[in-house]
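**Student:** Following is a predicted model, sequence given first.
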Amino acid sequence: MKILIVEDNSRVSALLKRGLESQGYQVYIAEEAEEGLILLEKIDFELIITDIMLAGMDGITFCKKIRQSGKKIPIIMLTALGTIDEKIEGFDAGADDYLVKPFEIRELYARVKALLQRKNDAVYTVEETSQITYNDLVLDKRTKVVYRQGITINLTPKEFNLLHFLMQHPERLLTRDEIADNVWGNNFDTGTNYIDVYIAYLRKKIDKDFDQKLIHTKVGMGFILSNKI
């Protein structure tokens, strides 16, 4: 499996390359995001590891460009700061996971293995329709567009994934653990309030301008998509 590392610190990239190669991966290094984008056009990578702080184009912009191109390659972001705002910005850009420097190399191995396993376990089926509808809310999985009462609602990648999960299970109370596992993955940091933050983001976009509220909180229990509350 081919992994792309985008890291402008040659010492760090060399350590990561040596470690991942010891696990059987074929590793390519780009010192700049622009170089990484060129490699992505030439090589089919299974996973990308990118630092957020890069010379020239930063890791957030790099991640956004990958998602805008339609590529669904798993992305792990490396960050020295690890603030909540920075992590949320990374998730919004389309990152699948993050690691805060310094980190134990074995943790990186585990994150890489988990993301690749999730990718390989994904089942893609041809469906008659790409849309999920609940009440007056429509989510199009193919175009990644959401409508309510015919009005287009712009969502970030993580907001879209969260709403998709809610719409797959309407009228059902979903716990934070279920949401974390299905939207953020097995390596979700349970010590954060990401889920509450993103539920608030969704409410502002999905419910604020409409009389019928669809996203509800059950205090101490979880969240539910319902038009009956």
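**Tutor:** That came through fine.
**Student:** OK, contacts around the one residue sitting closest to the centre of the chain?
**Tutor:** Geometric centre of the chain, nearest residue: residue 96, 3.7 Å, by C-alpha atoms, centre = their mean. Neighbouring residues of residue 96 by C-beta atoms under 8 Å, 6 or more residues apart in numbering: 74, 75, 76, 115, 185. C-beta here means a position set from N, CA and C on the backbone, and glycine is covered the same way.
**Student:** Could you report the separation of it from residue 171?
**Tutor:** Using C-beta to C-beta, to the nearest Å, residue 96 is found at 29 Å from residue 171.
**Student:** does residue 20 really touch residue 2, like I thought?
**Tutor:** No: contact criterion C-beta atoms under 8 Å: residue 20 and residue 2 do not qualify, at 10.5 Å.
**Student:** got any residues that touch both of these two?
**Tutor:** Common neighbours of residue 20 and residue 2 (criterion: C-beta under 8 Å, 6+ apart): residue 27.
**Student:** Start from the N-terminal end of the chain and give the strands.
**Tutor:** Secondary structure of the chain by DSSP state E: the strands cover 2-6, 26-30, 47-51, 75-79, 97-100, 131-134, 137-140, 145-148, 151-153, 215-218, 222-225.
**Student:** and those strands as TSV, adding mean neighbour count?
**Tutor:** Formatted as TSV, those follow (neighbours: other C-beta atoms under 10 Å):
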stretch	mean neighbour count
strand 2-6	22
strand 26-30	18
strand 47-51	24
strand 75-79	23
strand 97-100	18
strand 131-134	15
strand 137-140	20
strand 145-148	18
strand 151-153	12
strand 215-218	16
strand 222-225	21
